[in-house]
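Student: Kindly return the folded structure for what I paste below:
(2 chains)
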Amino acid sequence: MKEKINISVDFARVRLANPVFTASGTSGYADELAEFIDINALGGFITKSITLKPRKGNPVPRAVETDSGILNAIGLANIGLENFIKEKLPVIGQMKTKVFVNVAGETIDEYVTVIQRLSGEKAIIGFELNISCPNVKKGGITFGTDPVQVAEITSAAKKVSGDKILMVKLTPCVTDISVIARAAVDSGADALSLVNTFTAMVIDIESCRPVLANKTGGLSGPAIKPIAVYLVNKVYNEVTKNTKIPILGVGGIRNASDAVEFIIAGASTVGIGTANFIEPNCAMKIIEGIKKYCVRKNIKDIKELVGTLKI
Amino acid sequence: MSLNSHSFNKGTFDVLVTSNKKIGERFYRISLVFEGKGGTAFAKTSAGQFAELDLSTTALPPLDTISENLRDTAERKILLRRPFSFCDVTTKSGKTLVEILYCVVGPASLRMTTLSKGDSISVTGPLGNGFSVPKNKKIALLATGGMGAGPLIHLAKTLKQNYPDIKVTAFVGAKTAKELPFEKIRKSEPTDFARYNVKSIISTDDGSMGVRGLVTYCLTEWLDENKSAAKDIIIYSCGPEMMLARMAEIAQKYNVDCQISMERMMACGIGVCQSCAVECKVSGSRETVYKLCCKDGPVFDSREVVFEL
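Tutor: Residues are numbered from 1 along each chain as shown, chains lettered A, B, ... in the order given. Next up is the predicted model:
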């Protein structure tokens, strides 16, 4: 008889059926992806960023393919808090998967207002604080690159998030990501997600102009994976290892082997981003692939694998 | 919308290539056969819808056969699927044959040329909203520019089969005769529209075939001669954005309905990445919104689009 493998994980104060999330901004508000996959089979789901008011987003071109990656500058296009509550929350409420709302804003007050308004909603389990978007003029990455502001925004969000889990999403575009991670953890973050995209540029050599209307964009996809693995391992070793703070590892994961790398590096859970664009069913294949890896390596519980990097 | 919409009317399917024929200097026509769930999903395709093809593992042609202007880009490892509309969809005993007209423009379409009969390829679709036929129309004018011909050939077939009372004429434009993306059906009718007995009025920028000038010129001339019928007419158009913008102006000037198929750089094709934004007017307001080419389009009413020129 086949031995039972436990791939459920404890993530902050919640038990997830498996360690696989879809990452924010790559799977909409859930209803879009639900046309292609059994969304209830995911370990966790993170909505695209929600801001207080609707945002149109940036002009086009908003995305361009690079070698093994994509550069995007969507500009946090979203329907805004009230429309989200009215149109999307009832749908999200039907999901068995634990749902986190990604929250963005231009000011700390905006983050606080959105979180406060959603903190009583049963449909969601927590928040992902987006302080790392590289594609907006105000807010976003400007918060996430300064440890003082990270501390300020994290503690302000914590105060109004009630019993919801507060996850903070970090940018890799800093000199020392551990300084930022520590600021978030010391200010009340229940979990960390890393990494957001890398600020980058593609130039059209005929027109001598940037390809993206926003000039720069955030680089994602397999191209960034080794850097993301390194940064997850760094934050795990230097910040979260001896705490109960779990890491959601994100960056270029497109198969189970990639996911396992992140888990070995120190991530308790993994987020699938760009790969959703190519293979909507990707997360399902990764869940199955992680199970197979555990069987092959005789791992009874996925928790045994977290942070087992041998050096 | 409920979460139980996961009903397999679309999806990702592995399909077989049945042929991939070179029909011009840069043009090819590929046929894909969908069976099982894929066959059912694609049988319901409407003209103007599209699919996302995964060409990331398809081999490049030999480097010395690649034109010099594409050699650097050809070396790039591709990641995303590529969107293609269809020039024909036919169903026979549970199988659906989907044909795509394509032009070699970059690293993905270059790879596509090496596919041959029996090869397998992953396809996500059918996606987006196709052309629709409003009630009471008697005349359909199909205006194509270059590679924009594909979905309008598909539409010509649909109109001929399902709307026998509608008179269909194609206005086919390209830069040169060589840039007309067709297999020659017969000498007198050198476009694929002849397959469905639809007359083509051809125009080329250099006059190497048909009328010398833009497709908009031929269309305007036709409309000038048929002014009284404005409410009976609908224009369907697909081609470069500049041409579509002109179509929108013409449609407005002559007070004729017009549906256009837009093109944008897409990442996902399924409405999650938000890359393929099309700026649209909001009726009764000076505000605009971004709609998604993949999910809200690719076919739009010409009156609502704010063009990127």
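Student: Report the closest residue of the stretch 51-200 of chain A relative to chain B.
Tutor: Nearest residue of the stretch 51-200 of chain A to chain B (Cβ to the nearest Cβ) works out as residue A:63 at 3.6 Å. Just so you know, the C-beta spots here come from the backbone N, C-alpha and C atoms, and that holds for glycine as well.
Student: tell me the contacts of that residue?
Tutor: A:70, A:71, A:72, A:73, A:74, A:212, A:217, B:265, B:266, B:267, B:273, B:275 (Cβ atoms under 8 Å, 6 or more residues apart in numbering or on different chains).
Student: Then residue B:281?
Tutor: B:288, B:303, B:304, B:305, B:306.
Student: burial count for the third one?
Tutor: Residues contacting residue B:304 under the criterion other Cβ atoms under 10 Å in any protein chain shown number 18.
Student: re earlier: and chain A, which of the contacts of residue B:281 contact it?
Tutor: Near chain A, judged by Cβ under 8 Å from any Cβ of the partner chain, the entries from these are residue B:288.
Student: what's around whatever residue of the stretch 201-311 of chain A ends up closest to chain B, how many residues?
Tutor: For the stretch 201-311 of chain A, the residue closest to chain B is residue A:277, as judged by Cβ to the nearest Cβ, at 3.8 Å. Neighbours of residue A:277 under the rule other Cβ under 10 Å: 27.
Student: For it, identify the helix or strand it belongs to.
Tutor: helix A:275-278 (DSSP states H and E).
Student: avg pLDDT for that helix?
Tutor: Helix A:275-278 carries an average pLDDT of 94.
Student: Show residues contacting that helix.
Tutor: By Cβ under 8 Å, 6+ apart, helix A:275-278 touches A:22-23, A:26-27, A:33, A:70, A:253-255, A:282-283, B:54, B:56, B:79-81, B:267-269, B:272-273.
Student: In strands, which of the residues you listed fall?
Tutor: A:22, A:70, B:54 (DSSP state E).
Student: would residue A:262 count as being in a helix?
Tutor: Yes. According to DSSP: H, G, I helix; E, B strand; the rest coil, residue A:262 belongs to a helix.
Student: wait, what's in contact with it?
Tutor: A:228, A:229, A:232, A:249, A:251, A:253, A:270 are the contacts of residue A:262 under Cβ under 8 Å, 6+ apart.
Student: Just put the residues you listed in TSV and tack on neighbour count and pLDDT.
Tutor: Listed next are the contacts of residue A:262 as TSV, based on neighbours: other Cβ atoms under 10 Å in any protein chain shown; pLDDT from 0 to 100:
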residue	neighbour count	pLDDT
A:228	25	98
A:229	23	98
A:232	31	98
A:249	33	98
A:251	32	97
A:253	30	98
A:270	29	98
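Student: between those, which is closest to residue A:179?
Tutor: residue A:232 (15.7 Å; Cβ to Cβ).
Student: Which strands and helices lie in contact with the host helix or strand of the closest one?
Tutor: For residue A:232, the host element (DSSP H and E) is helix A:225-235. Under the contact definition 3 or more Cβ pairs under 8 Å, 6 or more residues apart in numbering or on different chains; DSSP states H and E, helix A:225-235 sits against helix A:177-186, strand A:191-194, strand A:247-250, helix A:256-265.
Student: winner for burial among these?
Tutor: strand A:247-250 (a mean of 30; mean count of other Cβ atoms under 10 Å in any protein chain shown).
Student: which helices and strands does it pack with?
Tutor: Using 3+ Cβ pairs under 8 Å, 6+ apart, the elements in contact with strand A:247-250 are strand A:191-194, helix A:225-235, helix A:256-265, strand A:269-272.
Student: between the ones you listed, which one is nearest to residue B:16?
Tutor: Taking these one by one with Cβ to Cβ, helix A:256-265 is closest: 27.1 Å.
Student: Hey, what's the angle from that closest one to helix A:225-235? Just curious.
Tutor: 20 degrees (axes from the mean of the first three to the mean of the last three Cα atoms, to 10 degrees).
Student: Residue A:74 is in contact with residue B:273, correct?
Tutor: Yes. Counting by Cβ atoms under 8 Å, residue B:273 touches residue A:74, with 7.4 Å between them.
Student: shared neighbours, these two?
Tutor: Between them, residue B:273 and residue A:74 share the contacting residues A:25, A:63, judged by Cβ under 8 Å, 6+ apart.
Student: what secondary structure does residue A:65 sit in?
Tutor: strand.
Student: Okay, and the beta partners of it?
Tutor: residue A:70 (DSSP bridges).
Student: circling back to that earlier point, output the contacts of residue A:63 in TSV; the columns should cover neighbour count.
Tutor: TSV is the format used below for those (neighbours: other Cβ atoms under 10 Å in any protein chain shown):
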residue	neighbour count
A:70	26
A:71	28
A:72	30
A:73	30
A:74	26
A:212	24
A:217	30
B:265	17
B:266	24
B:267	29
B:273	28
B:275	27
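Student: Could you identify the longest strand within chain B?
Tutor: strand B:11-22.
Student: The chain: helices as residue ranges?
Tutor: Since you didn't name a chain, this refers to chain A. Per DSSP state H, chain A carries helices over the ranges A:81-83, A:89-92, A:108-118, A:141-144, A:147-160, A:177-186, A:225-235, A:256-265, A:275-278, A:282-296.
Student: hm, I was asking about chain B
Tutor: Using DSSP H, helices in chain B cover B:36-43, B:68-74, B:107-112, B:149-162, B:215-225, B:241-254.
Student: Residue A:5 and residue A:285: what is the separation?
Tutor: 16 Å (Cβ to Cβ, to the nearest Å).
Student: Roughly how far does the residue nearest in space to the middle of chain B sit from residue B:47?
Tutor: Centroid check for chain B by Cα atoms, centre = their mean gives residue B:151 as the closest residue, at 3.5 Å. Using Cβ to Cβ, one gets 6 Å for the distance from residue B:151 to residue B:47.
Student: anything in contact with each of those two?
Tutor: Contact criterion Cβ under 8 Å, 6+ apart; residues shared by residue B:151 and residue B:47: B:86, B:130, B:131.
Student: got the contact list for the last one?
Tutor: Counting by Cβ under 8 Å, 6+ apart, residue B:131 makes contact with B:46, B:47, B:48, B:151, B:155, B:158, B:236, B:259, B:261, B:299.
Student: picking up where we left off before, chain center to the helix holding residue A:277, what's the gap?
Tutor: 15 Å (Cα atoms, centre = their mean, to the nearest Å).
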